[in-house]
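1. sequence first, predicted coordinates after that:
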Amino acid sequence: MRREAPDGRFIVNRALTGLADDAAISKAAITGAIMQRLRLKADGRIVELRDGQEIPLVPALPAEAAISPAAAQPAVRDLRRRAQLTQLEFAAKLGVPVETIRNWEQGKRAPRGPARALLAVIAHSPETVFAALSSEPTAA
C-alpha cells in the first residue's frame, strides 16, 4: 500500500522483510518511493536521518504555542549551583547516579515523574528538602 505524504513524497506501508517475498508489489508500485531512515528521539520526536543530519518529520510548534521543558521547570544546573554542590554531591543527595545529573544538565534527558517533582520542591525550599533527604527514616 502506498500513500502520499504532505510534502509529495510517497510512504510505503509494508514491512521491509515482506517486500522481497511479496509478489503483489510490482516495480511500478514502488517507483518514486523514497526509503527513509527514521529515529525516535528520547523526547518523543521522530526525525529523519538524511546526509548525516536529523530533520524533524513534524514541524516544530510556533514559539508561543510550545511550552519548553526548560521553561516549565528550573534548570537542574541552576538548582545545583544555587545549592553550591558539585554534580557528584548533588547526585548523592538525590540518590541518583551522577550520569543522570550530567544528562539532565546537558539536555540529553529530562527529569520525569518523582525526580521532576523533587526538583520543583528543591527550587522552592532546597534546605528543607536536603535536610529531609539526609535524615534517617523513623520507624512508625
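-> Okay, I see it. Numbers count the residues shown, from 1 in each chain.
2. tell me which residues of the lengthiest helix in the chain are tucked away?
-> Using DSSP state H, we find that the single longest helix of the chain is helix 113-124. Residues of helix 113-124 classed as buried by neighbour count (16 or more other C-beta atoms under 10 Å): 115, 118-119, 122. Where you see a C-beta, it was placed from the backbone N, CA and C, and this is true even at glycine.
3. just send those residues back as a markdown table, with pLDDT too.
-> Conversion of these to a markdown table gives the following (pLDDT from 0 to 100):
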| residue | pLDDT |
| --- | --- |
| 115 | 88 |
| 118 | 89 |
| 119 | 90 |
| 122 | 89 |
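4. okay if I get the residues you listed as CSV plus distance to residue 91?
-> Shown next, in CSV, are those (distance: C-beta to C-beta, whole Å):
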residue, distance to residue 91
115, 11
118, 13
119, 13
122, 13
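5. out of these, which comes closest to residue 85?
-> residue 122 (10.7 Å; C-beta to C-beta).
6. for the closest one, which non-adjacent residue is closest in space?
-> residue 129 (4.9 Å; C-beta to C-beta, 6 or more residues apart in numbering).
7. which strands and helices sit next to the helix or strand harbouring the one you found?
-> Per DSSP states H and E, residue 129 falls inside helix 126-134. Under the contact definition 3 or more C-beta pairs under 8 Å, 6 or more residues apart in numbering; DSSP states H and E, helix 126-134 sits against helix 87-94, helix 113-124.
8. other SSEs contacting the first one?
-> Same thing as helix 87-94. Applying 3+ C-beta pairs under 8 Å, 6+ apart, we find helix 87-94 packed against helix 98-106, helix 126-134.
9. which residues sit against the last one?
-> It stands for helix 126-134. The contact list for helix 126-134 (C-beta atoms under 8 Å, 6 or more residues apart in numbering) reads 79, 82-83, 93-95, 118, 121-122.
10. and those, which two are furthest apart?
-> Within the contacts of helix 126-134, 82 and 95 form the most distant pair, 19.4 Å apart (C-beta to C-beta).
11. of all the helices and strands packed on helix 87-94, which one is nearest residue 49?
-> Within those, the stretch nearest residue 49 is helix 98-106; the backing value is 21.3 Å (C-beta to C-beta).
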